[in-house]
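**Student:** Attaching a predicted model along with its sequence, questions to come.
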Amino acid sequence: MPNNIADQLLEQVNTLGDAIRNISDVTEVDIATAEREIVWEDGKVKLYHFKSDVKKKCTTPVLISYALVNRWEMMDLQPNRSLIRKLLSEGIDIYLIDWGYASKLERYKTIEDYILGNIHDCVRFIKRKHDIPQVNLFGVCQGGTFSLIYAALHPENVKNLVTLVTPVDFDVEDGLLFTWAKDLDVDAIVDNFGGVVPGEFLNSGFDLLKPMNKTRKYMAMPQTMQNKEVLMNFLRMEKWVADSPDQAGETYRQFIKDFYQKNKLAKGEFGLNGQMVNLKDIKMPVLTIYAKADHIVPPESTKPIKELVGAKDNQLMEFPGGHIGVFVGSRSQKVLTPAIAEWLIERD
């Protein structure tokens, strides 16, 4: 028995030593390392063009519109867990909008500014650069909601539309976020924060959706630190989570009121610049992807896109995972991203 106890203690000491060595070896945590260049910018908003030596199989470039909440780097977290790199390897030409970090200067920036300003300007830039009449639009989460609105108002500029874990019907009971938002005093939040909603405030809300996840994550740290690769995966994710941009107050106010609380987009009651947004005007091919286990954007909020748009070429795809899994899961690399690329190539 004493020998067993001694062996166990020695094993724990060795394990602790491995963990200390692994964490001591970490000097930098890199994310979003796919090669890219800034080809257009307006203030804090930048348009990236990703470089690739792979022969283009789709002649029409893809413009990715990510959410304002959190950063786009989740789509290129690390080389072997990168939706962007996988699309590039499949022969897709990729542009992406980096919304930047909102400050007091952006407190009055509205949804109209983002959609009819930034997205529209990026679309026009890509059209001019490639001398093409349309682009492929790929909207992610809230960026997908923006993409639906843009495609409805400017269908002449969009060849194909892909939406990934995108909310459109906000009158659902499946997600806590949707339930909470219905009774949220968004005016008090925006005004008390001085017109700019802190990213930390939003992150605290996401943590409360599954409060035990964070506890389990940190309780597993001794095991996580034993394996250098697992540790780096953990640190990359933590870096992404911690880098949460503040939100332009007026956009946040409008998004909560018009979508979460009044469900205006799904009802056909939402308008921009004096023009009502009718999703039936989206007649280009549409691919809608939802995550079966998504607790942030539940499937029942995404699935109605198929019925609301006017496209005849209109596909609904289920991903057997959660909201983050669509970006970094093994199925994303092996199944989802190749399927998106194939869908775009077939419609080129």
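**Tutor:** Perfect, thanks for sending it. Numbering: from 1, shown residues only.

**Student:** Quick one: mean pLDDT over whichever strand or helix holds residue 341.
**Tutor:** Residue 341 is part of helix 337-346, with elements assigned from DSSP states H and E. The average pLDDT for helix 337-346 rounds to 98.

**Student:** Same check on stretch 204-223?
**Tutor:** Mean predicted confidence for stretch 204-223 is 78.

**Student:** From here on, call the first residue 22.
**Tutor:** All right, first residue 22 from here; so that's stretch 225-244.

**Student:** mind checking the end-to-end distance for that stretch?
**Tutor:** One end of stretch 225-244 to the other measures 25 Å (C-alpha to C-alpha, to the nearest Å).

**Student:** Number of residues surrounding residue 141?
**Tutor:** Residues within reach of residue 141, counting by other C-beta atoms under 10 Å, total 15. C-beta: built from backbone N, CA, C; applies to glycine.

**Student:** I meant to write residue 364 there.
**Tutor:** Neighbour count of residue 364, defined by other C-beta under 10 Å: 18.

**Student:** Can you give me every residue that contacts it?
**Tutor:** Contact partners of residue 364, counting by C-beta atoms under 8 Å, 6 or more residues apart in numbering, are 181, 183, 308, 336.

**Student:** I'd like to know which elements the strand or helix carrying the third one is packed against.
**Tutor:** Assigning secondary structure by DSSP H and E places residue 308 in strand 307-312. Under the contact definition 3 or more C-beta pairs under 8 Å, 6 or more residues apart in numbering; DSSP states H and E, strand 307-312 sits against strand 179-185, helix 320-323, helix 326-329, strand 335-340, helix 346-349, helix 358-367.

**Student:** looking at those, which is buried most?
**Tutor:** Burial of these is given as mean neighbour count (mean count of other C-beta atoms under 10 Å); strand 179-185 ranks first at a mean of 25.

**Student:** which residues touch whichever helix or strand comes after that one?
**Tutor:** Next helix or strand after strand 179-185 toward the C-terminus (DSSP H and E): helix 197-203. By C-beta under 8 Å, 6+ apart, the residues outside helix 197-203 that reach it are 191, 193-194, 226-227, 229-230, 277, 281-282, 316-317, 319, 322.

**Student:** to the chain's geometric centre, what's the distance from helix 197-203?
**Tutor:** Relative to its chain's centre, helix 197-203 lies at 19 Å (C-alpha atoms, centre = their mean, to the nearest Å).

**Student:** ok, now stretch 257-277?
**Tutor:** Centroid separation between stretch 257-277 and its chain, computed with C-alpha atoms, centre = their mean, is 11 Å.

**Student:** average pLDDT for it?
**Tutor:** Averaging pLDDT along stretch 257-277 gives 94.

**Student:** again with stretch 95-105
**Tutor:** Mean predicted lDDT for stretch 95-105 stands at 96.

**Student:** List the buried residues of it.
**Tutor:** 95-99, 102-105 (16 or more other C-beta atoms under 10 Å).

**Student:** List buried residues within the contacts of helix 197-203.
**Tutor:** 191, 193, 227, 277, 281-282, 316-317, 319, 322.

**Student:** I'd like those written out as TSV, with distance to residue 219 added.
**Tutor:** As requested, the buried ones among the contacts of helix 197-203 are exported to TSV (distance: C-beta to C-beta, whole Å):
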residue	distance to residue 219
191	23
193	27
227	13
277	15
281	19
282	21
316	22
317	19
319	25
322	25
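
**Student:** of those, closest to residue 240?
**Tutor:** The shortest approach to residue 240 among the buried ones among the contacts of helix 197-203 belongs to residue 227, at 19.3 Å (C-beta to C-beta).

**Student:** And that closest one, its phi and psi?
**Tutor:** phi -60, psi -40 (degrees, to the nearest 10).

**Student:** how much space between residue 100 and residue 137?
**Tutor:** Distance of residue 100 to residue 137, computed by C-beta to C-beta, to the nearest Å: 36 Å.

**Student:** Could you list the buried residues of the helix or strand encompassing residue 244?
**Tutor:** Element membership for residue 244 (DSSP H and E) is helix 242-247. Neighbour-count burial for helix 242-247, counted by 16+ other C-beta under 10 Å, picks out 245-247.

**Student:** what about residue 202, how many neighbours?
**Tutor:** For residue 202, the neighbour count with other C-beta under 10 Å is 18.

**Student:** my bad, should have said residue 176
**Tutor:** Counted with other C-beta under 10 Å, residues neighbouring residue 176 total 17.

**Student:** For the spatially closest residue to residue 220 that is not a sequence neighbour, which residues are in contact?
**Tutor:** In space, and not counting its chain neighbours, residue 220 is closest to residue 265: 3.0 Å by C-beta to C-beta, 6 or more residues apart in numbering. Contact analysis of residue 265 by C-beta under 8 Å, 6+ apart lists 90-92, 220-221, 223-224.

**Student:** Repeat that for residue 119.
**Tutor:** 66-69, 93.

**Student:** Now it. Its backbone dihedrals?
**Tutor:** Dihedral pair for residue 119: phi -100, psi 110, per degrees, to the nearest 10.

**Student:** What score does it have for pLDDT?
**Tutor:** Residue 119 is assigned 98 on the pLDDT scale.
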